[in-house]
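S.K.: can you look at this prediction? I've put the sequence above it.
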Amino acid sequence: MGRYGARWEGVLGSFLEVQLLAPPWRARRAFGAVLREVRRLEAVFSRHRESELTRLVRQGGGRPSPEMREVLAAALALKEATGGAFHPAPAHGGEAFRFVGEEVEVLAPLDLDGLAKGYIADKGAEAALRAGARAALVNLGGDLARKGPGRAEVLVEAPFGPDNAPPVHRFLLGEGGVATSGVRHKGPHLLDPRKGRPAFGLQATVLAPSALLADGLAKALFVLGEEAFPVLRAFRARGLLFTPEGPVAGP
C-alpha cells in the first residue's frame, strides 16, 4: 500500500488534483477512473461547453439524467433551507426550475457551479475506490472530496494576505467534503440572490458530509453570515466564517 498523487490542468476550467492510498498495481487504474468520471460529468454540468445543462436551458427543460436530477434536487433543498441565500440561478432569483413528473421545466438560466463541482469531486473519489484505491482525496478547483478510512488535514487561508502566510485554521477531513467561498482569489463576485446585488462577505469555509453539500453551504454561509450556522447544523456540517472582526467557527 502506497501514497500517490497526480494533477491535471484545464479540467472544468480549473485544476484536478488527486491523492490516493492504494496498492501500487492499482494506482494507475484509480487515477484513470477519476479522470474519466470527472470528464463524463463535465459533459453533464458544464456551462462553458455543450452539455446536458446547456441543452436543458436552451430547450426550456427535458428529461434529466439521474445525475442531473440528483443535483437539481439538492439545489431545491438548499434553496429552501437557506431562504434563497443559495440559488440555482443566482442572477435571476425567483423560481428557476420545477420538476414535472420525470421531466424538469427550466424557467431561468441555471448556474449549477455552486453545487456541480463538489458533486463531481464526490463522484471522482467514489470512482477511485471502485477502481481499487483504499482512500482518495479529490481536489477539483479547491472543492475537496474524500472517501475511505483515515483523515486528511485541510488548511484554510485567510481571505487576505500573502500566499506564503501561515494557515489560520485546520480541518481534519474523514469522509466528506470541504469548500470555500470568498474574495481571496476572485475578488467580490458572489451575489445575494435574495436581493440581486453583491454579497459583502469575506470568506466562508464549510466541512460537510459531501463536497456537494460543502459547496452549496459555503455560498450560503458567505451570504448569510452567522445566520447560516443553524442551517449548517441541520445538514451535519461545520463552518468557519471570516468577518471584519475575525474568524467565527460554528455551529
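M.R.: Cool, the structure landed.

S.K.: can we go C-alpha only for contacts and neighbour counts from here?
M.R.: Will do.

S.K.: who's in contact with Ala237?
M.R.: Ala237 makes contacts with Val206, Leu207, Ala208, Pro209, Ala214, as judged by CA atoms under 8 Å, 6 or more residues apart in numbering.

S.K.: could I get those residues as a markdown table with neighbour count and secondary structure?
M.R.: As requested, the contacts of Ala237 are arranged in a markdown table below (neighbours: other CA atoms under 10 Å; DSSP: H, G, I helix; E, B strand; the rest coil):
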| residue | neighbour count | secondary structure |
| --- | --- | --- |
| Val206 | 29 | strand |
| Leu207 | 29 | strand |
| Ala208 | 26 | strand |
| Pro209 | 19 | coil |
| Ala214 | 33 | helix |
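
S.K.: format those as JSON lines; extra columns: distance to Leu144 and pLDDT.
M.R.: Below are the contacts of Ala237 laid out as JSON lines (distance: CA to CA, whole Å; pLDDT from 0 to 100):
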{"residue": "Val206", "distance to Leu144": "11", "pLDDT": "96"}
{"residue": "Leu207", "distance to Leu144": "9", "pLDDT": "97"}
{"residue": "Ala208", "distance to Leu144": "10", "pLDDT": "97"}
{"residue": "Pro209", "distance to Leu144": "11", "pLDDT": "97"}
{"residue": "Ala214", "distance to Leu144": "9", "pLDDT": "97"}
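
S.K.: ok, those residues vs Gly150, which is closest?
M.R.: Nearest to Gly150 among the contacts of Ala237: Pro209, at 14.8 Å, using CA to CA.

S.K.: where do the strands sit along the stretch 151-251 of the chain?
M.R.: 152-156, 169-173, 176-182, 191-192, 197-198, 203-208, 238-243, 246-250 (DSSP state E, counting those that start in this stretch).

S.K.: now those strands in JSON lines, with distance to Ala135?
M.R.: Below are the strands of the stretch 151-251 of the chain laid out as JSON lines (distance: least, CA to CA, whole Å):
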{"stretch": "strand 152-156", "distance to Ala135": "10"}
{"stretch": "strand 169-173", "distance to Ala135": "12"}
{"stretch": "strand 176-182", "distance to Ala135": "12"}
{"stretch": "strand 191-192", "distance to Ala135": "36"}
{"stretch": "strand 197-198", "distance to Ala135": "39"}
{"stretch": "strand 203-208", "distance to Ala135": "18"}
{"stretch": "strand 238-243", "distance to Ala135": "22"}
{"stretch": "strand 246-250", "distance to Ala135": "28"}
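
S.K.: tell me which of these sits nearest to Leu78.
M.R.: Taking CA to CA, strand 203-208 is the member of the strands of the stretch 151-251 of the chain nearest to Leu78, at 13.2 Å.

S.K.: the closest one to strand 238-243, inter-axis angle?
M.R.: 180 degrees (axes from the mean of the first three to the mean of the last three CA atoms, to 10 degrees).

S.K.: that older thread, what two of the contacts of Ala237 are the furthest from one another?
M.R.: Every pair of the contacts of Ala237 checked by CA to CA; the farthest is Val206 and Pro209, at 10.0 Å.

S.K.: check which helix or strand Glu9 maps to.
M.R.: If you go by DSSP states H and E, Glu9 is part of strand 2-11.

S.K.: show me the shaky parts of the stretch 51-200 of the chain.
M.R.: 161-162, 183-189 (pLDDT under 70).

S.K.: so where do the helices sit in it?
M.R.: Assigned by DSSP state H, counting those that start in this stretch, the helices in the stretch 51-200 of the chain fall at 52-59, 66-81, 113-130.

S.K.: okay if I get those as a markdown table plus mean neighbour count and distance to Phe45?
M.R.: Shown next, in a markdown table, are these (neighbours: other CA atoms under 10 Å; distance: least, CA to CA, whole Å):
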| stretch | mean neighbour count | distance to Phe45 |
| --- | --- | --- |
| helix 52-59 | 18 | 5 |
| helix 66-81 | 17 | 8 |
| helix 113-130 | 26 | 7 |
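
S.K.: much appreciated, bye for now.
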